[in-house]
Every structure is written in C-alpha cells, then in structure tokens.
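J.: Got a predicted structure plus its sequence, pasted below:
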Amino acid sequence: MHRNRRTIAAACVLATGAALTLTGCGSGGSDEDAVGVSLIVKTTANPFFVAMQEGAEAAAEEAGVELTLAAGRQDGDEDTQIQAIENAVSRGDDGILITPNGPGVEDALIRARDAGLYVIALDTPPTDPESVDITFATDNFLAGQRIGEWTAAQLGGERAVIAMIDLFDDKIVSVDVERDQGFLDGMGIDLADPGQYGDEAATGRYSGGEYAIVGHEASEGAEAGGRTAAENLLSVNPDINVVYTINEPAAYGAYEAFDAAGATDDLVVVSVDGGCAGVDAVAEGAIDATSQQYPVRMAELGVEAIHALATTGEAPEASEGLDFFNTGVELVTDQPHDGIASITSTEAADVCWG
Amino acid sequence: MSQQTNAPAAEHDLAEEFLDRSTPLGAIRNLLHRHPAISPAIVLIAAVAVFGGLNERFLEPSNLSLVSQQVAVVGTLALAQTLIILTAGIDLSVGAVMVLSSMVIAQTTVQNGLPAPLGIGLGLAVGLGAGAVNGFLVTRLKLPPFIVTLGSLNVFLALTLLYSGGATVRGGDMPDLLTLTGETFSVGGVNITAGVVMMLVLYVALALVLHGTAWGRHVYASGDDSEAARLAGISVQRVLASIYLAAGAILAVAAWIQIGRSNAASPNVGVDLNLDSITAVVIGGTSLFGGRGTVWGTLLGALIVGVFRNGLSLAGVDVLWQTFAVGVLVIVAVSVDQWIRKGRK
C-alpha cells in the first residue's frame, strides 16, 4: 500500500516536473508584435536538418523573430508535418519554412497560404509548385552535374563501370532523381527521360569513352544502406570503378564495402552534401569529390526573407533562369582538373555544416 | 471447480473493498476502478485549462476544431485498437492496414476508374480481409497477437508500396465522395469535418454494442479471463475472430477519413500510427491485460495526445519535447492503471 502510494506520488512528480520544464522550454509565443516563423524539417535525426535549425535560430535571434521548430519523426513522416503546418496557422505565424516529407503535406501548405502565411520550401522543392511561394534550395541537378563532369575528367577516357547508389526505391523524391540524372548528364550520358532514373541505356558512350551502368540501388541515405547497396552491386559486377552516391553517409558505407572487397584501387567515389564528416572523408581519400550545399544559408535566408516581407513587404525572387532561389553549390575535391572550378577539402572544412 | 476457487476470492475482494473505503485514497481508487474514464477526463480538462492559460489562441474555436481534425484518424484507429486490447491482445498492424486500404480506395477509383462507392467497398474488403488474416492466425494457429501483427505489419507495408509504387494520389483527381470526409460544416462558429463526425458515430455505435449486447459482454469476459469465459459457455475463439474482423472494418473507415484529412492518399502518411493508437488506448485507461476499459476512455486518450501536441506547439515548444511529454503521459497512465488494479487483487 505504501509502496503503491510512493509509485503514484513519483509518477505525479514526474508528470508535473515534465510539464513545467516543457513550458519553461517554450519561447513564450505570446509576443504579439514579433514576426513568427515555423521551421518544419524532415527529421532531426540528420545533421543536415540540425544545421538548418541552428542557422534559423541564429538568424531569428538576430532579427528578433519568434521561431518555432518542428520535425517529422522520421524521413517521410507526412502526418507530423501536416500537424505542424496547421499549428503554425493556428499560432498566427507570418510564414513557414519547410523541407516537405512528401506530396501528402502539400494540401496543408496550400491551406496555410490561403490563410495568409508566406511559405518557403527549403532544400526539397514540392511536386506541386502552387503549394509554396518560393523554394530556397541547392540546384540538385547542377550538384550532380558538377561531380559528373569531374568524374569524366578524372577517368581520362578510361572505361567507366558505374554503380548508382540512390536514396529510395519505394518512393519518388525529386532530390533523388535530380542528383542521379545530373551526375549522368555531367558524365555526358544520354538520360532518356530526365524525370526518371534507371531508364537510360545500360551501356554506351560517355564524354570520354565507354560506360556500363551496373545498377541503381537504394541506400536510404545512410551508411548501412550504402554498404548493402554497394555489396549487392559488387556481386553483380566486381569491376566497378565509379560509385555515385546520393549523400556522404551512403558514400562512406559504399567505400567500406569496396574496402572490404579489396576493390578500392583506381576507384572513384563521388557524392553530394558537403557535411563536415563528408569533407573529412574527402581529405582522407574515401570520397574523391563531393558537391557541397549550404543548409545553414537556406535557413538564414528563409528567416530573413519572411522577416523582410512582414516588415517591409518585400518578397524574395527566384534566381535567374531557375524556378527557385539557388542557395549555391561548390565542388569539393583535392584532385582538381583544369577547367572545372573546385575548392579544396581544407577550404570546404571552413564552411561545412554538421 | 471454478466456483469453488472463485468464491473465497470474491469474499476477500469484498472485504478489501470495504476496508479500502475507509481511507479517502481507497475511495478514490474504487471510484477510478468502477469508472476508468474518470482519470483521463480529469487530465484532459486540466490540460485544456493549462494550455488555454498559456496561449489565448488555444481556446479559439478554429484551434479546437483543428485539434478535433488532428485526432480524427488516430482516434478511429484507437477505436479498433481498443477492441483488440480489451481481449488482452495488441495490434501493431492498424496503421499499415489503414494505409493499404486508403491506397486501394484511391487507386481503384482514380487509376482504374471504378465508381467511388465501389472503390470504398474494395477498401472495406481490404480491411475485412486483413482482419480475417490476423484473426485466423490468432485463433486457429494460436499465435500471440503481438507476433502475428508484427509480421502482418511488414506484409501490409510491403503490399502498400508494391501496389502504389510509392506514389501519392492527389485529392484533386479523386471523385468528391472520397474526399467527403474532409468537408467542413459549421456548427455555431466551429468548423467540424465529416471525418470527425464519422469517428464520433463509430464511437457511439461501438459503445452501444459493447455495453448493450451479449457479444459486447462476451468481449469483456474473454479479455478478463478467457478460461472462465470458456467455462461459462462463450466461444472465445469466435469472439476473438469477430473482434479482428470488426477492427478491420473500422480501419477501412479510418482510411476514408485519412484521405479526406490530407486531401490525398499517400503511402507515407501512416508512420508510427500503430504506436499512436496504442498510446491513446493506454492513456484512456484501458488495461493492457484485457477486460477493463471503455471506448470513451480511448476517445479521451486520443484527445489528450492531440491537445498536448497542439497546445505545446502553440506555446512554441519543439516537437521533440512534445513526443517526450506524450511518453511521460503513457508511463503515468500505466502507473495509475497498476495502482488501481493492485487495490482490487
């Protein structure tokens, strides 16, 4: 009986304590005059999005913006993002910055726009352009092209046996398709339909010589997935000498698989992201080249844009020739080639994220 | 034999109840035991009061309407989950079945051009089929429900992705009947969606059936003590099989509500909904050991989770701390359940 009473007392203390702590954590949200912004990322289990949150927090502090952070519980979680969008409207925010988890959130975004909020997609463009006011993103096709051009230069006319390690095989995501197709385009390979990967000819000629694509495998953008994907492709064709990867964790996993198979001689591993761990991998030689993108800049610019719109009425505009605002991309490699602009891993380490 | 062993226990029970009443805490415990929906009701009222005090926008009709919409899908899934948990089972596949059903409804009408009522009928068939499979494995092969639904969760997830190719079907392409559940109408300034009404109708219907029919009493009896129920002449296996079928039908309705809610049928929308539904049931005071709990408790549980998430979000709290708070709530709810049960050993 006494023990029971203690259990219940402990539970109550725990609950009350938690409730108090939580309200203490809140930024108050009661300042009616301040510009309110919600940043809704895909998931906080990825340093890319954590970097974005930190960038937004710094910019919000600077501009005196009330920032609310939200995130899906995992990559692809649309339901939690929909609720966060609705809550932003209910809270009376001026704008939403979102990396959408999928087309399922777009209807909620349209309703938010109808309610007068300014919506900026960060990093991932929505499938329905009407669901946001503007997108601040890396030009992912360009990011792919840069590593593709570099790979073609690096091979110097040698036959390319290519492993394509993508993000997903169970859902279609624009980033996935654009980087993959950008890379092949950069190598000078005919894409067939640029809106779809895997439909190009399995063998043919790239800008420097002959190529063969061994296959496209999904990695989920993580090390374990990258390793499994590389192992599967290696068992299809052990002569692979070019590995394209969707991001650096996948690249690192793929490199591990080749290392274990003793197949890293003359191997070219390329990737996209430019996170600090990825830049380290370039310095160490596990990754030969990567396209660095700038999530911190995306978030900072996003917060500033909504603040500017709310205070001066000035709205951001898309970059020239693109349907989105390009936040920039740089090729990072320690093996530069003439005619291909790049920065070294040391330079990249100064501006990397994560 | 059962009477012989039960009789002294019952006397003991009565005696303890009598003794227990002598302390105020004991009286509270007795009250909570007889009406398991009281504690979640108190938590809900307290939460609404606290969040209303923190941010005046919380109590605005538009926000309360929002909370109801955010709760509609999980609330409906939790209703199916309540049925299963009342029989001391657990269903990990509820979210997966709902998503599969919603993709079937959307794709058969949009891609294959079937009439909308037929598409919804096929979605219902998917729900019933999934319930029949789970029920068959639990009752005929005598496998534990946790294992059965852990397996079928993966099977239904894979079927969903194979069938849909990972693609989302947009609400704009669907016939109006499919997105009807997202239509709003106004009652005294508060917008209510048809989906929310549908969920409430299901709750009322199931409450009436559970408390007013022999089948309902058999469900409670089977969950409380399946051996005693069997000796009393109840076909426990048949009750269990019917429970899984009924749950499947409810999941198909949840699929329809989901389509209206996000104005799309997406294979990615059901992440963690199985765990969310269990959370609502547990916070609602239904015992995981079966036989004790009400559907109204579950509705309160779902509302509590919705109010916490929305209220903390309006107060500007990071979503991870919202998840943290819901986790604490679950542990508190189970502690309270244990305490109530211990008093009636």
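T.: Received, thanks.

J.: just the strands in the chain please.
T.: If you meant another chain, say so; for now it's chain A. A:36-41, A:66-71, A:95-98, A:118-122, A:134-137, A:160-166, A:203-205, A:210-218, A:242-245, A:268-273, A:289-293, A:325-326, A:329-333 (DSSP state E).

J.: that's the wrong chain, I meant chain B
T.: Counting by DSSP E, the strands of chain B are B:169-170, B:184-187, B:190-193, B:264-265.

J.: Can you say which of those is packed in most?
T.: For those, average neighbour numbers computed from mean count of other Cβ atoms under 10 Å in any protein chain shown are highest in strand B:264-265, which has a mean of 30. From N, CA and C alone the C-beta is placed, and that goes for glycine too.

J.: Do any residues in that strand lie close to chain A?
T.: Yes. Judged by Cβ under 8 Å from any Cβ of the partner chain, strand B:264-265 comes into contact with chain A through B:Ala264.

J.: Give me the contacts around that strand.
T.: Here strand B:264-265 makes contact (Cβ atoms under 8 Å, 6 or more residues apart in numbering or on different chains) with A:103-104, A:106-107, B:102-103, B:105-107, B:168-171, B:174, B:258-259.

J.: can we see that at 7 Å?
T.: With contacts defined as Cβ atoms under 7 Å, 6 or more residues apart in numbering or on different chains, strand B:264-265 is touched by A:Pro103, A:Gly104, A:Asp107, B:Ser102, B:Met103, B:Ile105, B:Ala106, B:Thr168, B:Val169, B:Arg170, B:Gly171, B:Ile259.

J.: if we take these, which one ends up nearest to A:Gly95?
T.: A:Asp107 (18.2 Å; Cβ to Cβ).

J.: got the contact list for that closest one?
T.: Contacts of A:Asp107 by Cβ under 7 Å, 6+ apart are B:Gly171, B:Ser262, B:Asn263, B:Ala264.

J.: Which residue is the nearest non-sequential neighbour of B:Ser65?
T.: B:Asn191 (4.5 Å; Cβ to Cβ, 6 or more residues apart in numbering or on different chains).

J.: Please disregard the earlier target; I meant B:Ala88.
T.: B:Gly290 (2.8 Å).

J.: pLDDT at that neighbour, what is it?
T.: B:Gly290 carries a pLDDT value of 88.

J.: cool, and A:Ala218?
T.: Looking at A:Ala218, the pLDDT reads 92.

J.: Count the residues that sit near it.
T.: Neighbourhood size, A:Ala218 [other Cβ atoms under 10 Å in any protein chain shown]: 19.

J.: Give me the pLDDT for B:Val209.
T.: Note on B:Val209: pLDDT of 96.

J.: How many residues are close by it?
T.: Neighbour count for B:Val209, taken as other Cβ under 10 Å: 14.

J.: How about the residues of the stretch 151-300 of chain A by chain B?
T.: Counting by Cβ under 7 Å from any Cβ of the partner chain, the positions of the stretch 151-300 of chain A adjacent to chain B are A:Asp170, A:Lys171, A:Ile172.

J.: Now B:Asn274: closest residue in space, sequence neighbours ignored.
T.: B:Gly95 (4.4 Å).

J.: residues touching the one you found, list them.
T.: B:Gly95 neighbours (Cβ under 7 Å, 6+ apart): B:Leu77, B:Gly270, B:Leu273, B:Asn274.

J.: Spatially, which two of these are the most separated?
T.: Farthest pair in the contacts of B:Gly95 (Cβ to Cβ) is B:Leu77 and B:Gly270. Separation: 8.9 Å.

J.: Need the residues touching each of the two.
T.: The contact sets of B:Leu77 and B:Gly270 overlap at B:Gly95, B:Met98 (Cβ under 7 Å, 6+ apart).

J.: So which of those two has more stuff around it?
T.: Between B:Leu77 and B:Gly270, B:Leu77 has the larger neighbour count (other Cβ under 10 Å), namely 33 against 28.

J.: got a list of what that one touches?
T.: With contacts defined as Cβ under 7 Å, 6+ apart, the neighbours of B:Leu77 are B:Val94, B:Gly95, B:Met98, B:Leu251, B:Ala254, B:Leu273, B:Ser277.

J.: Just name the closest of these to B:Phe308, please.
T.: B:Ser277 (15.7 Å).

J.: is it true that that closest one touches B:Ala96?
T.: No. The criterion here is Cβ atoms under 7 Å, and B:Ser277 misses it with B:Ala96 at 11.6 Å.

J.: Looking at those two, which has the bigger crowd around it?
T.: B:Ser277 (33 against 25).

J.: and the more buried one, what is it in contact with?
T.: B:Val74, B:Leu77, B:Ala78, B:Gln81, B:Val94.

J.: Those residues of chain B touching chain A, which are they?
T.: By Cβ under 7 Å from any Cβ, the residues of chain B that approach chain A are B:54-55, B:57, B:62-63, B:66, B:70, B:161, B:166-168, B:171, B:262-264, B:266, B:268-269, B:271-272, B:309-310, B:312-321, B:325, B:328, B:332, B:335-336, B:339, B:342.
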